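1. no FASTA, just this:
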């Protein structure tokens, strides 16, 4: 015969059946549970093995592969006839001899063509003014920021993205507590009640974005979101003129993991928003079952500024459609210490003056 021991879900101590209340009672924390509650809890525990849900199967809108190149790995500028170096990810670039924009059609057409794109809405002058306004007044920036020479390094890029669509069924459970406190003439009391809260729902996800470039930090690209999908249009190479464009170097299969995590976070945010009236709420289990998954290849506009200062790379980005800015700028350590010493000296002088005024020159 197999023996079963029931343990308290709150503190882990052994439970005993109390005939008076017809419930299982915990002698350690004092909680009581009816049999149906424990049965649901055990089902929840057994279901925790589904934590990550099933594998999501995605239907790729195009079979995406790398672009073909000439044997020498070069392209010919149609304007001046000069040879242009470009790697297999280059979609458009600028000729270094005549300064004309060259669209690498081997990468930009056929099976390598993106499904959709969003053209630039923020012009170069606007982006430079936005970055200049952001940097203005920040006295701890390096010298090239103070003389504004950095503005020439701001460039417009079409960043490759993967867009994930699916229908999903989400199930989540939460550990929640509710507490109340009171006192009498002798003691202070704190009573904490523990709850297992379950939520489930169906959701539709449309164009969950994951950037397909290793050059772009994932946190940066997520921070300049959202893009307005109302401006999505079919891919047209004419939109690439005047901007740098690279094909993805993170394929859709590699991007699936980040897409799945974003699906989970979105589902958790929606379901967590329906749990109210508790003092604390923590996710216990989560499960997501998705179907009808589709993946689209897209290009989105981003103004990028990159610099290296003291061997550290700094990246600043502006959403080329909405103008949203994000990024980190370097700090001139020499200027920092000069300002710190200056403020310290000023503080010392002020304290001395106050001492003279208040204490007759005796500090």
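-> Done, it's in. Just so you know, these numbers come straight off a predicted model, no measurement behind them.
2. buried ones in stretch 281-301?
-> For stretch 281-301, a neighbour-count test (16 or more other CB atoms under 10 Å) marks 281, 284-288, 290, 293, 295-301 as buried. Every C-beta, even on glycine, is put in place using the N, C-alpha and C of the backbone.
3. Tell me the one among these nearest to residue 160.
-> Nearest to residue 160 among the buried residues of stretch 281-301: residue 299, at 6.1 Å, using CB to CB.
4. still on that earlier bit, mind checking which of the buried residues of stretch 281-301 are in strands?
-> Taking DSSP state E, the ones among the buried residues of stretch 281-301 that sit in strands are 281, 284-288, 290, 293, 295-301.
5. Could you find the lowest-pLDDT member of the residues you listed?
-> Minimum pLDDT across these is recorded for residue 290, with 82.
6. now it: how far from residue 235?
-> 26 Å (CB to CB, to the nearest Å).
7. which of the ones in strands among the buried residues of stretch 281-301 lies closest to residue 159?
-> Using CB to CB, those come closest to residue 159 at residue 300, 5.4 Å.
8. How are the helices of this structure distributed by residue range?
-> 35-46, 105-108, 124-135, 143-146, 218-223, 252-272, 333-359 (DSSP state H).
9. Let me know whether residue 318 touches residue 130 as I believe.
-> Yes. Using CB atoms under 8 Å, residue 318 is in contact with residue 130, at 6.1 Å.
10. The spatially closest residue to residue 124 that is not a sequence neighbour bridge partners, please.
-> Nearest residue to residue 124, sequence neighbours excluded (CB to CB, 6 or more residues apart in numbering): residue 156, at 6.5 Å. Beta bridges link residue 156 to residue 303 when assigned by DSSP bridges.
11. quick revisit: among the ones in strands among the buried residues of stretch 281-301, which two are most distant?
-> Taking CB to CB, the two most distant members of those are 284 and 301; they sit 41.2 Å apart.
12. tell me the pLDDT at residue 276?
-> On the pLDDT scale, residue 276 gets 92.
13. Give me the neighbour count for it.
-> 8 (other CB atoms under 10 Å).
14. For residue 176, see how far away it is.
-> 10 Å.
15. do the same with residue 85
-> 60 Å.
16. So which of these two has more stuff around it?
-> Ranked by neighbour count (other CB under 10 Å), residue 85 and residue 176 place residue 176 first, with 19 against 11.
17. What sits closest to that one if chain neighbours are left out?
-> residue 278 (4.0 Å).
18. circling back to that earlier point, quick one: common contacting residues for residue 276 and residue 176?
-> Common neighbours of residue 276 and residue 176 are not found (criterion: CB atoms under 8 Å, 6 or more residues apart in numbering).
19. where in the stretch 251-363 of the chain is pLDDT low?
-> 308, 330-363 (pLDDT under 70).
20. who's in contact with residue 165?
-> By CB under 8 Å, 6+ apart, the residues touching residue 165 are 205-208, 292-296.
21. Please apply the same query to residue 229.
-> Going by CB under 8 Å, 6+ apart, the list of residues near residue 229 reads 118, 206-207.
22. Any figure for the gap between it and residue 84?
-> Applying CB to CB to residue 229 and residue 84 gives a distance of 33 Å.
23. what do you get for residue 152?
-> Counting by CB to CB - residue 152 and residue 84 are separated by 21 Å.
24. So for those two, which sits in the more crowded spot?
-> When neighbours are counted by other CB under 10 Å, residue 152 and residue 84 differ, and residue 84 comes out ahead with 17 against 10.
25. what are the bridge partners for the more buried one, then?
-> Following DSSP bridges, residue 84 is listed with bridge partners residue 75.
26. State the pLDDT value of it.
-> For residue 84, the predicted pLDDT is 70.
27. need the contact list for the residue nearest to residue 248 when sequence neighbours are not counted.
-> For residue 248, ignoring the flanking residues on the chain, the nearest one in space by CB to CB, 6+ apart is residue 212 at 3.2 Å. Residues near residue 212 by CB under 8 Å, 6+ apart: 159-162, 248-252, 255, 297.
28. now swap in residue 196 and tell me
-> Contacts of residue 196 (CB under 8 Å, 6+ apart): 9, 40-41, 44, 173-176, 284.
29. Now restrict these to buried residues only.
-> Using 16+ other CB under 10 Å, the buried ones in these are 9, 44, 173-176, 284.
30. Lowest-confidence entry in those?
-> Lowest pLDDT among these: residue 44, 64.
31. Surely residue 141 and residue 134 touch.
-> No. Look at residue 141 against residue 134 with CB under 8 Å: they stay out of range, at 10.4 Å.
32. From the neighbour counts alone, determine which of the two ranks first.
-> Counted by other CB under 10 Å, residue 141 and residue 134 do not tie: residue 141 has more neighbours, with 18 against 14.
33. And that one, what's its pLDDT?
-> 70.
34. Please tell me how far it sits from residue 155.
-> Counting by CB to CB, the gap from residue 141 to residue 155 is 20 Å.
35. Please apply the same query to residue 164.
-> In terms of CB to CB, residue 164 sits 28 Å off from residue 155.
36. Can you give me the neighbour number for residue 304?
-> 21.
37. show me what contacts it?
-> Taking CB under 8 Å, 6+ apart, one finds 154-157, 315-318 in contact with residue 304.
38. Throw these into CSV and include distance to residue 27 and neighbour count, thanks.
-> Putting the contacts of residue 304 into CSV (distance: CB to CB, whole Å; neighbours: other CB atoms under 10 Å) gives the following:
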residue, distance to residue 27, neighbour count
154, 68, 18
155, 69, 15
156, 69, 19
157, 65, 22
315, 58, 17
316, 61, 21
317, 59, 22
318, 62, 26
